[in-house]
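1. please find the sequence and the predicted model below.
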Amino acid sequence: MSLNRLRIDGRLIGKEALRYTPAGIPVFSGVLEHQSEQEEDGEARRVECEVPLIALGDPAKWLAAVAPGLTISLAGFIAAKSRQRKTLVFHVQSIEFLEGN
């Protein structure tokens, strides 16, 4: 199996209402805003991006309860939005609430 893991910190800046699959599984969709400074080729680089995300099951319920603007750390994997749309979406599997929020 190939490696596909992502861990990123940021602020939840957008979220849709929690919905459920026909099987009753909770589904959360939202957007994480990330800002950091990274080193690239020996130079500091300011990084700012918005990451679309989705979560199912317990992580979906936890994210639905998060207030917009709260800083969180998320871990999971990336995948295409659908078979037709190859835009990447971050699939959240675990959440850490960061201190100082």
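-> Cool, got the structure. Numbers count the residues shown, from 1 in each chain.

2. list the contacts for Leu32?
-> Shown in contact with Leu32 (Cβ atoms under 8 Å, 6 or more residues apart in numbering): 8, 10-13, 50-51, 53, 72, 74, 90. For glycine as for every other residue, the C-beta is placed from the backbone atoms N, C-alpha and C.

3. keeping just the C-alphas, turn stretch 40-60 into CSV.
-> The C-alpha trace of stretch 40-60 is given here as CSV (Å, rounded to 0.1, in the frame of the first residue of the first chain):
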residue,chain,number,x,y,z
GLU,A,40,11.8,25.4,1.1
ASP,A,41,15.2,25.2,-0.6
GLY,A,42,16.8,26.8,2.5
GLU,A,43,14.4,29.8,2.5
ALA,A,44,11.4,30.6,4.7
ARG,A,45,8.1,30.6,2.9
ARG,A,46,4.8,31.8,4.1
VAL,A,47,2.1,29.2,3.4
GLU,A,48,-1.6,30.0,3.4
CYS,A,49,-4.3,27.8,2.0
GLU,A,50,-7.9,26.6,2.4
VAL,A,51,-8.4,22.8,2.5
PRO,A,52,-11.8,21.3,1.8
LEU,A,53,-12.5,18.4,4.2
ILE,A,54,-15.0,15.6,4.9
ALA,A,55,-15.4,13.3,7.8
LEU,A,56,-17.6,10.3,8.5
GLY,A,57,-18.8,8.7,11.8
ASP,A,58,-17.5,10.0,15.1
PRO,A,59,-15.1,12.6,13.5
ALA,A,60,-18.0,14.0,11.7
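
4. thought Lys81 was touching Thr87?
-> Yes - counting by Cβ atoms under 8 Å, Lys81 touches Thr87, with 4.7 Å between them.

5. can you list residues touching both of these two?
-> Common neighbours of Lys81 and Thr87 (Cβ under 8 Å, 6+ apart) are Pro52.

6. I am finished for the moment; much appreciated.
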